[in-house]
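Predicted coordinates and the sequence they were generated for:
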Amino acid sequence: MDLANLSDYFNQNITRRNFTVFDDRAHWTACPVVLAIIIPIAAVLNGGVCIVLILTRQSQPPFNIYLINLTFSNFCFILCYLPLDIVNSIYVRWTLGRTACAYYQFAYWLFHGCLTNSHVLLTMNRLWAIFFPLHYHRHQIRHRNRATLICVGMWIYVSGFLTIGIVMTPVLVDTVPCTLETDKNLQWAKAAQTVLYDIPLVFLAFAVPLVWYKRRLRRTRPVQVLNARERDKHQSQQQAIAVAMTANSTFDSSKSRDASVLAVRKAMERSYFQLWLVLTSMTVLCWAPLICYYAVVFYGGPYYVHLVEVGTFLYAVTPVIDPILLMIIIPVLRVPRVHT
């Protein structure tokens, strides 16, 4: 994802149409038109979903903090990067100056990296819930503020990693589209490609079947109490319930309310799993062609025109797919307030 931009394919198409390098006219091809249509649609969808999640976060587990982070990353990618990518794709040479080119390259690397790692944070939350369910349910409420700090830390980590390399890497703007000369800082470019894009994609690809299999095992066998302390706590709770049944005539309504809360939590976790599974599977399928292409080209492999075309389209539609999937499942995720 670092040797070229999404617009490389567009500009190579322009070159094949025999436009000269000094032709400053705008040349609209199919892909820039698609991107121009996607921008307002995706901005409205992601902005709306992000606002809904922010307004309801007090009644939501920290999983929604990671969803907010994902939709915010999509929103920034759409408004801060895609318009410049269209400019870079419809003109044979960059026309906005060196400073704008440097920002464009930084935005390109930053928002792609933040999108990838936002999905990593969602996946780590699901791994925590599946492999350590008792710990997850005891600490997830207190984890809300921690989740916010983790998301902020992810942005700082990606920004810091990229700033060091991009500041030291020159850009070309004179007679070609805005390009980062990664061969002038090859070691950093390889590290960024591997750490920010390749490893997260592999992690997501392996996590999907792993979490699905683990959850299937949990559904096919009863939940076991993990240690003696949990057993004692469970027995104490049962004894307290028995005492309350004989001493308080209002126990039945309290028990019914507790059962209702437990049912809501189970429904939420089921919805979270379904949402994560669909989001992550779609992300891996849509991102794999383009990221694999860049990884192959980066290490001297051949150039596959059709792979770039398919990968560019799939990558561009993910900011639209994500909020649509969220809107389908958000009503299930909302937690009704329990009035005492």
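Everything's here; your move.

Every contact and neighbour count from this point should use C-alpha atoms.
OK.

Can you tell me the number of residues neighbouring residue 26?
Other residues near residue 26 come to 12 when the count uses other Cα atoms under 10 Å.

got the phi/psi numbers for it?
phi -80, psi 130 (degrees, to the nearest 10).

Find me the pLDDT at it, would you?
With respect to pLDDT, residue 26 scores 74.

try residue 124
Residue 124 is given a pLDDT of 92.

Summarise which helices and strands whichever helix or strand it is part of is packed against.
Residue 124 belongs to helix 98-131 when assigned by DSSP states H and E. Applying 3 or more Cα pairs under 8 Å, 6 or more residues apart in numbering; DSSP states H and E, we find helix 98-131 packed against helix 63-76, helix 133-139, helix 143-167, strand 171-172, strand 179-180, helix 199-220, helix 251-298.

Select, out of the ones you listed, the one closest to residue 54.
Closest approach to residue 54 among the helices and strands packed on helix 98-131 (Cα to Cα): helix 63-76, 7.0 Å.

could you give the angle of the helix or strand just after that closest one to helix 63-76?
Downstream of helix 63-76, the first helix or strand assigned by DSSP H and E is helix 82-90. For helix 82-90 against helix 63-76, the angle by axes from the mean of the first three to the mean of the last three Cα atoms, to 10 degrees is 40 degrees.

give me the low-pLDDT residue ranges for the stretch 51-200 of the chain?
57-60, 140-142, 174-176 (pLDDT under 70).

got a pLDDT number for residue 205?
So, for residue 205, pLDDT stands at 90.

which residues touch stretch 155-173?
93-95, 97-98, 101-102, 105-106, 109-110, 113-114, 178-182, 184-185, 188-189, 192, 196 (Cα atoms under 8 Å, 6 or more residues apart in numbering).

What of stretch 197-212?
With Cα under 8 Å, 6+ apart, stretch 197-212 has contacts from 1, 113, 116-117, 119-120, 123, 126-127, 130, 277, 280-281, 284, 288, 291, 295.

Export only the CA atoms of it, formatted as PDB.
Extracted in PDB, the C-alpha atoms of stretch 197-212 (Å, rounded to 0.1, in the frame of the first residue of the first chain):
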ATOM      1  CA  TYR A 197      -0.900  -3.100   6.700                       C
ATOM      2  CA  ASP A 198       0.300  -6.600   6.100                       C
ATOM      3  CA  ILE A 199       0.400  -7.900   9.700                       C
ATOM      4  CA  PRO A 200      -3.000  -6.500  10.700                       C
ATOM      5  CA  LEU A 201      -4.600  -8.000   7.600                       C
ATOM      6  CA  VAL A 202      -3.100 -11.400   8.400                       C
ATOM      7  CA  PHE A 203      -4.200 -11.100  12.000                       C
ATOM      8  CA  LEU A 204      -7.800 -10.300  10.900                       C
ATOM      9  CA  ALA A 205      -7.800 -13.200   8.500                       C
ATOM     10  CA  PHE A 206      -6.700 -15.700  11.100                       C
ATOM     11  CA  ALA A 207      -9.000 -14.200  13.800                       C
ATOM     12  CA  VAL A 208     -12.200 -14.800  11.900                       C
ATOM     13  CA  PRO A 209     -12.200 -18.600  11.900                       C
ATOM     14  CA  LEU A 210     -10.600 -18.700  15.300                       C
ATOM     15  CA  VAL A 211     -13.300 -16.700  17.100                       C
ATOM     16  CA  TRP A 212     -16.000 -18.400  15.100                       C
END
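
Give the buried residues for it.
197, 198, 200, 201, 204, 205, 207, 208, 211 (16 or more other Cα atoms under 10 Å).

now the angle between helix 63-76 and whichever strand or helix holds residue 38, please.
Element membership for residue 38 (DSSP H and E) is helix 30-55. Calculated by the same axes, to 10 degrees, helix 30-55 forms an angle of 150 degrees with helix 63-76.

got the buried residues for helix 30-55?
Counting neighbours by 16+ other Cα under 10 Å, helix 30-55 gives 31-32, 35, 38-39, 42-43, 45-47, 49-50, 53 as buried.

tell me which strands and helices it is in contact with?
helix 63-76, helix 82-90, helix 305-333.

how much does the shortest one deviate in direction from helix 98-131?
Between the direction of helix 82-90 and that of helix 98-131, the angle (the same axes, to 10 degrees) works out to 120 degrees.
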